[in-house]
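>>> Take a look and give me a structure for this.
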Amino acid sequence: MSSYSKSVASIFLMMLFFAFCQADWLSSQKGEIKGRPKIDCGIKCQERCTLSSRPHLCKRACGTCCVRCHCVPPGTSGNYEKCPCYYNMTTHGGKRKCP
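A predicted model of the protein is given here:
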């Protein structure tokens with residue numbers, strides 16, 4: 001094997017090693033975003049949707065928003081300032097997505 005082939009092979013192995021390290025680091029960060037701990041979206045959305053006239057629809061929309069934003073505003077309505085990501089998420093039609 002020539003020295004050029006060895007160099008190419010070692011560079012490839014180093015890149016592969018760094019890709020695996022980065023993937024491992026990203027998977028370990030999945031539960032936390034900007035210092036926020038992972039929350040139980042099921043429980044939070046159950047609380048959020050207790051007074052909804054359409055609880056199943058509310059829980060489904062809330063669950064989607066919670067997974068993306070890693071937060072749910074406290075209470076059964078309002079309090080959006082506690083979770084701006086949740087408030088700012090919209091549907092394709094431009095309506096607010098999160099209950």
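
>>> all contacts plus neighbour counts: C-alpha atoms, from now on.
Fine.

>>> for residue 39, phi and psi?
Backbone geometry at residue 39, expressed as degrees, to the nearest 10, gives phi -110, psi 160.

>>> what about it, how many neighbours?
15 (other CA atoms under 10 Å).

>>> From residue 44, how far off is the closest residue to it other than its chain neighbours?
Using CA to CA, 6 or more residues apart in numbering and skipping residues adjacent in sequence, the residue nearest residue 39 is residue 70, 6.6 Å away. According to CA to CA, to the nearest Å, residue 70 and residue 44 sit 11 Å apart.

>>> Please apply the same query to residue 79.
14 Å.

>>> what's around residue 86, how many residues?
25.

>>> what pLDDT does it get?
pLDDT, residue 86: 92.

>>> just residue 74 next, same as before
If you check residue 74, the pLDDT there is 93.

>>> residue contacts, it?
Counting by CA atoms under 8 Å, 6 or more residues apart in numbering, residue 74 touches 48, 82.

>>> Check the one 4 residues further on too.
With CA under 8 Å, 6+ apart as the criterion, no residue contacts residue 78.

>>> Look at it and give its secondary structure.
Following DSSP: H, G, I helix; E, B strand; the rest coil, the label given to residue 78 is coil.

>>> more neighbours, residue 79 and residue 44?
residue 44 (19 against 13).

>>> Check what pLDDT that one gets.
So, for residue 44, pLDDT stands at 95.

>>> Quick check: the spatially most central residue of the chain vs residue 10, distance?
Taking CA atoms, centre = their mean, the centroid of the chain lies closest to residue 68, which sits 3.7 Å from it. Distance, residue 68 to residue 10, by CA to CA: 39 Å.

>>> what's the answer for residue 59, then?
51 Å.

>>> between the two, who's got more neighbours?
residue 59 (25 against 12).

>>> what about that one, which SS state?
helix.

>>> Right, I'll call it a day here.
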